[in-house]
Every structure is written in C-alpha cells, then in structure tokens.
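Colleague: I need the structure of the sequence given here:
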Amino acid sequence: MKASDIKVTSHVGRDLLAAAASFKHEAAVVWEYVVNSLQYVERGLTPSVQVEIAPRARRILISDNGRGMTASDLQHYFQMHGENRDRAAGRPGRGKFGTGKSAAFGIGTSLTVDTRRNGLRNVVHLSRAAIDASNGSDIPIEWRVRNESTTGANGTVVTIDDIVLPRIEASRVIEYIERHLSAFRGLSPEVAVNDHVCSAREPVVSRELKFEPSPAQRTLLGDVVLVVRVARSLLGELDQGVQVTCGPGNLVAIEKGGVDRKEYGAFLFGNVDVPALERHESPIQPFDASRSLSLNPLHPVSAALIAFIGASLEKARLELVSDAREHRKTEQARKLAEAADKIAEVLNKDFAQVQGRLFHIRSASGSGPAHGRSARSELGGDDQSSWIEGASEPGELASEPPQRTDNPRGRKAPDLPRLGDLSDSGSRSVDPAGGTGNRKRATGGFQVRFEELGKEEPRSVYDSSSLTIFINLLHPAVEAALGDGDTENVLFRRLAYEVAFSEYAIALGHETVKADPDLPANDLLYEIRASLNRVSASAASLYRT
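Modeller: Predicted coordinates for the structure are as follows:
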C-alpha cells in the first residue's frame, strides 16, 4: 500500500455521539441552543427565546426570533465540526467547534429543527436510530419540509424528544441560563423557561476591584482589564468565579483561581475579555469543545490568564480577610464570634452523635468497615496536631486510604477527607481538623458566622464547601432583634439560635441529598424535621442564658 493511499477518516455516527457525550445534563444542552438564538439574530432586534420543558412528554422545545436558516444553511449546520459562517467571515462568537447539532443526543434520541428565513420554511429531523444505523460515511437527515413558502417571521424551533434522563429539572435549566445571561447584558435578551422569565443574576456588590496583567503577561494577554467584584452575600456555586469571554457574548470559561474553597473566596466574581485566546497561533486549543467552561493550562495564553486571574482573586480575597480581622477586633464582633462558637459547638456535638450512631450501626451490621475512623475524629476535637486535606496551610498528605465500595443497598460510600500533617516544606495543602488550646472550636466541622449580607438577602445562608452557616445581621428580623447592638439581648440570642438550628437542619438535608440523590421527598422532610427537633432540644440550656 502506498503512503498516499492512507487517509484520515471518521465514522460520522460515532463522531457525533462522542461530541454529544460532552453534554451531560439538560441545562448544558438547553443553553447550547439558547446561546445560538441570542447570538444569531438580525441587527437591532432584541433576542427573544422561549424554552418549554415537558417532563411527562420527555420533550424540550426551544423557539426563537433569530434570523433562521435557509436550506443551504441547514446543510452546513449538519456538517460535523464545521466552523460556522459568521466566524469564517471574521465575526467573533461561538461555533468554533461546530458541535451544536450533537448536543440534543447527550440527553435525547430525537432532534427536529423547524426554521424560517426570508419567507421559506424548512423542517429536518435526525434520530438516534438513524445515527446507529449509519455506515460511518454519513447520516441521512429526514427532510420533512423543504423551501415551503411562509408568511411567518424569521426564527427557529428546536425540539428534543424522547429524553432519557431520569428527571428533567426546569430549576436547573433556569439557574444555568441566568448564570450565563450576564455575558449578553448589552443585548437585553428576553428568555423564558416555561412561565419563568429569566434575568441575568446581579448580586449586590460591596466593592469593585480592577487588575491589569504584568508586562510579561501583557505580551500574551494584551491590554486586558480584569474586574473583580465582591458580593455582599455568599454566592452560589454557579455564580462564583471570573467569566472569561472572547468578544461580546462569547463566554468560553469561568475561572475560580482555586480561591472558591478559601475564606471569603465564595464572595468573589468578575469578568475579563481576552480576544487573544483565539488570536494566538498554537496547535493547542485554549479551551475544548465540551462546553466545560474550563481553560486549557497547556495553551500559552490560557496558562498566563489562569495565573493572572488566580493571583488577582487571591489578592482580593486577602484584602477581605484583612478587613474582617480588623472588624473582629471590635467588642461587638468579639461577642458575636463567641455566640457563634457556642452555636457551632451544639451543632457539631449533634452532628458527631448522629454520625457516631450511624458508624456503630454500619459496623455492627457489616455494611461498613469497623476499622474506619469515627465521626468524632473526622470532625476533629481538641488535638492541635489533627490535620486533613484542605487549602489553608502547607503540608503533606497521608497515602490514599483503601478504596471504599458502595454498600449492598446501593448507597454511595462516604467521601472522607485524607489525613495530613502540617509542614512548611510540604507540597500539598491541609486544614485543621480540630481545635487548638483548651476551648473546642468548630474548625473541621460546622461553623457559624455573623455577617452583614444585605437587607434583601436571606436571613441565613449555608456554604456546603466549608460547612459554614452565615447569619445575616442586616436581615430585617435579625436587625430588629439586635436593636441598638446589644449582642446579649435575649430576643437576639434566641432568634440567632432558631435561625442557625433551622439552617443546620436544612444543611443536613442538603448533604443527605448530595449523598443520595434518589432520596424521596417525604424522607427528606422527615430527616429535616427530626434534625431540627433533636438539635433544638439538646440546646435547651442556651435559652436559659
């Protein structure tokens, strides 16, 4: 065989399904089509997108007032990995990898595209059965309507049928869309999911910081400006981090710089526009086609950007930590911290007892290893030398523990932190697993903190990454109970206990569902009520002080 006879080929069906595998949940799939609707709209027209989710029918429908597609556009649309024509013409935006037609098959088995442009309507259909039956060279598309005259306005309707997910969660789709809409703020888009009108999330900002790259970083990144904002309240996981764009509306990554699990890291968000990510010539891609919103650290510009964002976020975080330490020196802050520690001690005592009983039952029944660490040691106690994998101090980690297997009832084995030791020369990071000195601290277990989160924010917020319950001092009820600032006020103390205990019960429910997503709603409500009754009863002595 001659060398010239060897060619690179592709099995189109497997190629499409491999691209589809990148879209693992309904939110990412819906956003893939919504963002196309927002970007490809006639100049001067406000983008309008309606998402209809029908769980019982196993169907999701996305309709828009975009510019639509002609028959020729559709043929190009179904070319695997074909760069869209706007990008080829030099107009920045999405469509670099041409994976849009694959997204539907990440969650469903049927895709129908009904589109209108310039008075002509075209409808095409692609099924999973046709993909599986293809010989690899191409996949026949069913053309249901071709160049039919219509008086309808330009636009497209995408229908995904026979969705195979166990549950279709509209709330997850809404949250995902609202998180990413901020990148299209200049277009004032209108997006609705069923009857919910989505709006870009705009957290209340307490301060804004701007950072510029170093001269060395500027040679790769260009003259960019990173804007870091500090939220008044704890941000949800999807709201944290810096949005990285390559031109207006072209969101390619969200970078958290490793600070999201550090103190005050969950209060930081921001944005930076870096056109150089796509202009820099390199055989390595700056980000991938999976819509993972992650930068590739092997790409020169991405590597410089990751370092720039990480250092800037850390600088902003340390500024917050320093301000908080100064604030805690005041008498009121000191008393609030003492009250928070008392509440945290009650919560951790309850948590340790619950985990201890569960450990004993599992050990006795043979469903869990009897030689495992107890819940008490996992939470930490008074041992100053107890450390676990974390992010606050340099150290070394113990070797990986034996792999835990799921128990026979199908529950996941608990994800226990690795033990470690404090070491200035250590290559890893550790956190204290217990307290220091004679007084027990909540470190390593649940923590309680009083913070001024804002009048419009909830009275309490739970941060699952740090097991911290924040009590909002500016919530109208809490602020009224605090009155003139007397932290010894009985009304304030009792309200603080009630708020913390309620949030703790809900937090335990949250952690339970994370471990067992299939837990029935009635069982979850029972667990929350039981936790609230149990912890409030054990804290009766606090109500006498």
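
Colleague: what is the mean pLDDT for stretch 465-479?
Modeller: Taken as a whole, stretch 465-479 carries a mean pLDDT of 89.

Colleague: typo on my end, stretch 206-220
Modeller: For stretch 206-220, mean pLDDT is 94.

Colleague: for stretch 235-252, same thing?
Modeller: Stretch 235-252 shows a mean pLDDT of 84.

Colleague: please measure how far the first residue of that stretch sits from its last one.
Modeller: Stretch 235-252 has its terminal residues 21 Å apart, counting by C-alpha to C-alpha, to the nearest Å.

Colleague: buried residues in that stretch?
Modeller: Neighbour-count burial for stretch 235-252 flags 235, 239-247, 249-252 (criterion: 16 or more other C-beta atoms under 10 Å). Just so you know, the C-beta spots here come from the backbone N, C-alpha and C atoms, and that holds for glycine as well.

Colleague: which members of those are the farthest-apart pair?
Modeller: 235 and 247 (25.2 Å; C-beta to C-beta).

Colleague: before we move on, back to that, which one of the buried residues of stretch 235-252 is nearest residue 477?
Modeller: Nearest to residue 477 among these is residue 235, at 22.6 Å by C-beta to C-beta.

Colleague: doesn't the closest one lie inside a strand?
Modeller: No - judged by DSSP: H, G, I helix; E, B strand; the rest coil, residue 235 forms no part of a strand; its state is coil.

Colleague: give me the pLDDT value at residue 155.
Modeller: At residue 155, the pLDDT value in this model is 95.

Colleague: contact partners for residue 349?
Modeller: Residue 349 makes contacts with residue 538, as judged by C-beta atoms under 8 Å, 6 or more residues apart in numbering.

Colleague: what secondary structure does it sit in?
Modeller: Assigned by three-state DSSP, the conformation of residue 349 is helix.

Colleague: where in the stretch 201-350 of the chain is pLDDT low?
Modeller: Under the criterion pLDDT under 70, the flagged ranges of the stretch 201-350 of the chain are 289-292, 328-329.

Colleague: so residue 174 sits against residue 199, correct?
Modeller: No - in this structure, residue 174 is not within contact of residue 199 by C-beta atoms under 8 Å, at 10.1 Å.

Colleague: residue 59 - how many residues pack around it?
Modeller: Around residue 59 there are 17 other residues, counting by other C-beta atoms under 10 Å.

Colleague: tell me the spacing between it and residue 31.
Modeller: Between residue 59 and residue 31 the distance is 17 Å, computed by C-beta to C-beta, to the nearest Å.

Colleague: over to residue 207?
Modeller: Counting by C-beta to C-beta, the gap between residue 207 and residue 31 amounts to 30 Å.

Colleague: ok so, going back, in strands, which of the buried residues of stretch 235-252 appear?
Modeller: Those of those mapping onto strands are 241, 242, 243, 244, 245, 251, 252, per DSSP state E.

Colleague: which of residue 174 and residue 199 has more residues huddled nearby?
Modeller: Each of residue 174 and residue 199 has its neighbours counted (other C-beta under 10 Å); residue 174 has more, 21 against 13.

Colleague: helices or strands up against the helix or strand hosting residue 171?
Modeller: Using DSSP states H and E, residue 171 sits within helix 170-180. The contact analysis (3 or more C-beta pairs under 8 Å, 6 or more residues apart in numbering; DSSP states H and E) places helix 170-180 against helix 26-39, strand 48-54, strand 190-193, strand 196-198.

Colleague: what do you get if the cut-off is 6 Å, keeping everything else the same?
Modeller: helix 26-39, strand 190-193, strand 196-198 (3 or more C-beta pairs under 6 Å, 6 or more residues apart in numbering; DSSP states H and E).

Colleague: most neighbours per residue, which of those?
Modeller: A comparison of the helices and strands packed on helix 170-180 by mean neighbour count, using mean count of other C-beta atoms under 10 Å, puts helix 26-39 on top with a mean of 24.

Colleague: give me the helices and strands touching that one, please.
Modeller: strand 48-54, helix 100-103, helix 170-180.

Colleague: got the contact list for it?
Modeller: With contacts defined as C-beta atoms under 6 Å, 6 or more residues apart in numbering, helix 26-39 is touched by 23, 47, 49, 51, 62, 64, 66, 93, 100, 103, 106-107, 158, 168, 172-173, 176, 184, 189, 249, 291.
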